[in-house]
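Enquirer: Quick one, fold the following:
(one chain, ligands or ions: 1)
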Amino acid sequence: MARRTVGAPVAAVVAGLGTCLPAGKVDNADLVGILDTSDAWIRSRTGISSRRRVSDDVSVTDLACAAAVNALDSAGAGTVGGVVLATSTPDRPCPPAAPEVAHRLGLGCVPAFDVSAVCSGFVYGLATAWGWLAAGIADSVLVVAAETYSRIVDPADRATAVLFGDGAGAVVVRRGTPEEPGALLAFDLGSDGSGAELIRVPGVRERPDGERWFAMAGRKVYLQAVDRMAASALRVMKDCSWTPETVDAFVPHQANLRIVEAVAGRLGLPAGRAVGALADVGNTAAASIPLALVDALAARVLKPGARTVLSAFGGGLTWASSALIWPQLTPVCTEV
Ligand code: UT7
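Expert: Now for the predicted structure:
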């Protein structure tokens, strides 16, 4: 499903960006002692050097709140009219975390719910926020992505334990016009449930007495990720009438540096336009795009006025892309 928002009377405009990372670091060397792996394998196959891990007393809701407060600060906003929270590692299956985030931030009884679209959740959240703004449900919305994969990944499984990290990111989107910098210009969202088995955490009925660790068919997911993200990103570029040469910054989901490079190659992007920002944080699932945006700003790949394409792929299978002209903003980033 591609949705062109260029020319629509109402736009969702990105107005603030915040992140929160756990202070605790796990370097490749820390894993080599525990797993049958090597620093060379992890770096060459994934581009990851270290990842962050929350301490026992920090919840995914804590991370989400910190990133949300930082995004509000970055936007210079005291409040918002709704919260959409993307996570595939909630502290509990019920209730969702977003109402608690709204409560803790003192936002009052605003609409708030969680999006479950795994690594595509942040871009699905942006599309949801755009819908709320267009429908008049809210004038501004916090879109938060927060993950604690360290709590669902089997520490003894080398195929997944080396990949994932914890972290959170958030943006404030407000109602504006499509001509403004920061306006989300197009969306492409999709899913293919025939691939549901490829990324999975078993439920209680599937493993009544068993362990419920995260599992992923890595190689099959790799191939799907490249195909789906490239096709989805192309659709939003086409909707914006952007050619690869005119895209300044491509900020995809950060699962694996080789995937980032393969998608950039498939799209025919000039060198240096694709953002690979997972060396220090690993794959942070839904949080990876807002965290990568901060890295891209620091590296000056992302600047005000940059034609920017976001693209994500994850469990479901799900994928989602969007495009915007990057606005003038200063991100606020903290650690916990
Ligand atoms: O975020 C949601 C979406 N997720 C993704 O997009 C992740 C997609 N998948 C990937 O990033 C990659 O497939 C992986 C990083 C998970 C694996 O890389 P790969 O190049 O696809 O390796 P592979 O799965 O084909 O495995 C190659 C070999 C295997 O050994 P054999 O069968 O060739 O003897 C694995 O057992 O590498 C082995 N291996 C490891 N060796 C050392 C797998 N994990 C490790 C490890 N250390 N940590």
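Enquirer: alpha carbons only for contacts and neighbour counts from here, please
Expert: Fine.
Enquirer: near the ligand, which residues of the stretch 151-300 of the chain show up?
Expert: When proximity is defined as Cα under 6 Å from any ligand atom, the stretch 151-300 of the chain approaches the ligand at 158-159, 162, 218-219, 221-222, 225, 255-256, 285.
Enquirer: For the buried ones among those residues, write the corresponding ChimeraX selection.
Expert: The following ChimeraX line selects those of those that are buried, judged by 16 or more other Cα atoms under 10 Å:
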select :158,159,162,221,225,255,256,285
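Enquirer: Can you flag which of the residues of the stretch 151-300 of the chain next to the ligand belong to helices?
Expert: 158-159, 218-219, 221-222, 225 (DSSP state H).
Enquirer: Widest-spaced pair of those?
Expert: Arg158 and Ala225 (20.4 Å; Cα to Cα).
Enquirer: Val84 belongs to a strand?
Expert: Yes - under DSSP: H, G, I helix; E, B strand; the rest coil, Val84 sits within a strand.
Enquirer: so it touches Val144, yeah?
Expert: Yes - counting by Cα atoms under 8 Å, a contact exists between Val84 and Val144, whose distance comes to 6.2 Å.
Enquirer: Please identify which of the two sits among more neighbours.
Expert: Ranked by neighbour count (other Cα atoms under 10 Å), Val84 and Val144 place Val144 first, with 35 against 28.
Enquirer: before we move on, the earlier item: between Val84 and Val144, which contacts overlap?
Expert: Gly125 (Cα atoms under 8 Å, 6 or more residues apart in numbering).
Enquirer: can you list the residues of the stretch 151-300 of the chain next to the ligand in CSV and add pLDDT?
Expert: What follows is these, written out as CSV (pLDDT from 0 to 100):
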residue, pLDDT
Arg158, 97
Ala159, 97
Val162, 98
Gly218, 97
Arg219, 97
Val221, 98
Tyr222, 98
Ala225, 98
Ala255, 98
Asn256, 98
Ala285, 98
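Enquirer: And the residues of the stretch 151-300 of the chain next to the ligand, which is closest to Arg273?
Expert: Nearest to Arg273 among those, with distances taken as Cα to Cα, is Asn256, at 16.4 Å.
Enquirer: Give the full set of residues in contact with that closest one.
Expert: Applying Cα under 8 Å, 6+ apart, the residues contacting Asn256 are 45-48, 278, 283.
Enquirer: change it to 7 Å
Expert: Neighbour list for Asn256: 46-47 [criterion: Cα atoms under 7 Å, 6 or more residues apart in numbering].
Enquirer: swap in Arg174?
Expert: 12-15, 139-141.
Enquirer: With neighbour count, secondary structure and distance to the ligand added, can I get the residues you listed in TSV?
Expert: As requested, those are exported to TSV (neighbours: other Cα atoms under 10 Å; DSSP: H, G, I helix; E, B strand; the rest coil; distance: Cα to the nearest ligand atom, whole Å):
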residue	neighbour count	secondary structure	distance to the ligand
Ala12	29	strand	26
Val13	28	strand	26
Val14	29	strand	24
Ala15	26	strand	26
Asp139	18	coil	32
Ser140	26	strand	29
Val141	30	strand	25
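Enquirer: what's the closest of those to Pro181?
Expert: Top of the list for closeness to Pro181, among the contacts of Arg174 and by Cα to Cα, is Val13 at 7.4 Å.
Enquirer: what's the pLDDT at the closest one?
Expert: What the model reports for Val13 is a pLDDT of 98.
Enquirer: Same question for Glu211.
Expert: pLDDT, read off for Glu211, is 85.
Enquirer: Next, count neighbours for it.
Expert: Neighbour tally, Glu211, other Cα under 10 Å: 12.
Enquirer: For it, which residues are in contact?
Expert: Per Cα under 7 Å, 6+ apart, neighbours of Glu211: none.
Enquirer: Could you pull up the contacting residues of the residue of the chain most remote from its centre?
Expert: In terms of distance from the mean C-alpha position of the chain, Asp209 ranks first, at 32.2 Å (Cα atoms, centre = their mean). If a contact means Cα under 7 Å, 6+ apart, then Asp209 has no contacts.
Enquirer: Format the contacts of Arg174 as CSV; extra columns: distance to Ala320.
Expert: What follows is those, written out as CSV (distance: Cα to Cα, whole Å):
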residue, distance to Ala320
Ala12, 16
Val13, 18
Val14, 17
Ala15, 21
Asp139, 23
Ser140, 21
Val141, 19
